[in-house]
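Asker: What follows is a predicted structure for the sequence shown.
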Amino acid sequence: MLISDLKKTCLKCAGSGFQAGYDEWGSIKSNLRKACPACSGKGYNLTDLGENLWKLYRPMLQELIREELQNKSTLQK
């Protein structure tokens with residue numbers, strides 16, 4: 001499995017993470033969010049396989065982070 005199997009470059013911003021906005025008259029204006037709306041500024045989008053793996057691993061990662069934060073807070077007391 002390659003990383004390209006899990007994510008692909010955003011087509012709207014060409015991987016830069018930023019896309020200038022346009023008003024209704026077609027003139028360029030700055031994007032107030034300062035991030036590409038299609039990829040949320042990451043520069044890539046997950047493929048279907050990437051989405052499925054993220055859905056599988058996300059709950060486990062969240063639990064590990066919760067445990068680590070709990071351990072850290074008990075050590076500081």
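Answerer: Cool, the structure landed.
Asker: Quick one: the strands in this structure, in order.
Answerer: Along the chain, counting by DSSP state E, strands occupy 7-9, 21-22, 28-29, 44-46.
Asker: Name the strands paired with the last one and say parallel or antiparallel.
Answerer: Going back to what we said before, that points to strand 44-46. Sheet pairing for strand 44-46, assigned by DSSP bridges, gives strand 7-9 (antiparallel).
Asker: Buried residues, the strand it pairs with. List them.
Answerer: Lys7 (16 or more other Cβ atoms under 10 Å). Backbone N, C-alpha and C define where each C-beta goes, glycine included.
Asker: shaky segments in the chain?
Answerer: Applying pLDDT under 70 to the chain flags residues 20-33, 77.
Asker: Do a quick rundown of the helices in it.
Answerer: Chain-ordered helices for the chain, with DSSP state H as the definition, fall at 48-76.
Asker: Tell me the spacing between the residue minimising distance to the centre of the chain and Arg66.
Answerer: Central residue of the chain (Cα atoms, centre = their mean): Lys42, 5.0 Å from the mean position. Plainly put, Lys42 is 24 Å away from Arg66 if you go by Cβ to Cβ, to the nearest Å.
Asker: from what I can see Phe18 touches Ala38, true?
Answerer: No - Phe18 is not in contact with Ala38 according to Cβ atoms under 8 Å; the separation is 11.1 Å.
Asker: Of these two, which one has the most company?
Answerer: Shown here are Phe18 and Ala38; by other Cβ atoms under 10 Å, Phe18 has more neighbours (16 against 13).
Asker: Can you report phi and psi for that one?
Answerer: phi -130, psi 140 (degrees, to the nearest 10).
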